[in-house]
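> Have a look at this fold, sequence not included:
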């Protein structure tokens with residue numbers, strides 16, 4: 001059995017993620033990355049380019065490792081004109 005860590009997950013409402021998860025503490029595997037989290041949340045590969053992840057209010061790469069008690073915010077960039 002893999003060890004788990006707890007993180008707080010928040011995201012913009014435009015993301016196709018279960019709204020019940022927004023603002024909640026979730027468990028992920030120890031040594032998980034943002035990219036692995038996005039995969040577990042069901043984000044489509046073609047949408048990953050448009051998501052800017054933040055850990056503890058700092059923009060990070062999707063390869064960033066998650067740590068216990070991190071606060072994750074997923075921001076979806078929106079274009080238009």
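Structure's in. What do you need? Remember, predicted model here, so these are calculated numbers, not experimental data.
> where do the helices sit along this structure?
When assigned using DSSP state H, the helices of the chain occupy the ranges 34-40.
> which residues of it score low on pLDDT?
For the chain, the stretches flagged by pLDDT under 70 are 1, 79-81.
> State which strand of it is the longest.
For the chain, the strand that runs over the most residues, judged by DSSP state E, is strand 4-11.
> can you list contacts of that strand?
In this structure, residues lying in contact with strand 4-11 by C-beta atoms under 8 Å, 6 or more residues apart in numbering are 17, 21-30, 32, 37, 66-76. Where you see a C-beta, it was placed from the backbone N, CA and C, and this is true even at glycine.
> Just these: which are in strands?
24-29, 71-76.
> Filter those residues down to just the buried residues.
When neighbours are counted using 16 or more other C-beta atoms under 10 Å, these contain these buried positions: 28, 72-75.
> Out of those residues, the closest to residue 47 would be?
The shortest gap between residue 47 and any of those belongs to residue 74, at 10.7 Å (C-beta to C-beta).
> What distance do you get for the closest one to residue 49?
Distance, residue 74 to residue 49, by C-beta to C-beta, to the nearest Å: 13 Å.
> From what I see, residue 33 and residue 65 are in contact.
Yes. Counting by C-beta atoms under 8 Å, residue 65 is a contact partner of residue 33 at 5.7 Å.
> neighbour-wise, which of those two wins?
For residue 33 and residue 65, the more surrounded residue by other C-beta atoms under 10 Å is residue 33, and the numbers stand at 18 against 13.
> Please give me every residue in contact with the more buried one.
62-66.
> go with 10 Å
Going by C-beta atoms under 10 Å, 6 or more residues apart in numbering, residue 33 touches 39, 53, 60-66.
> Residue 29 too?
For residue 29, the set of contacting residues under the criterion of C-beta under 10 Å, 6+ apart consists of 2-5, 36-37, 40, 66.
> Many thanks, we can stop here.
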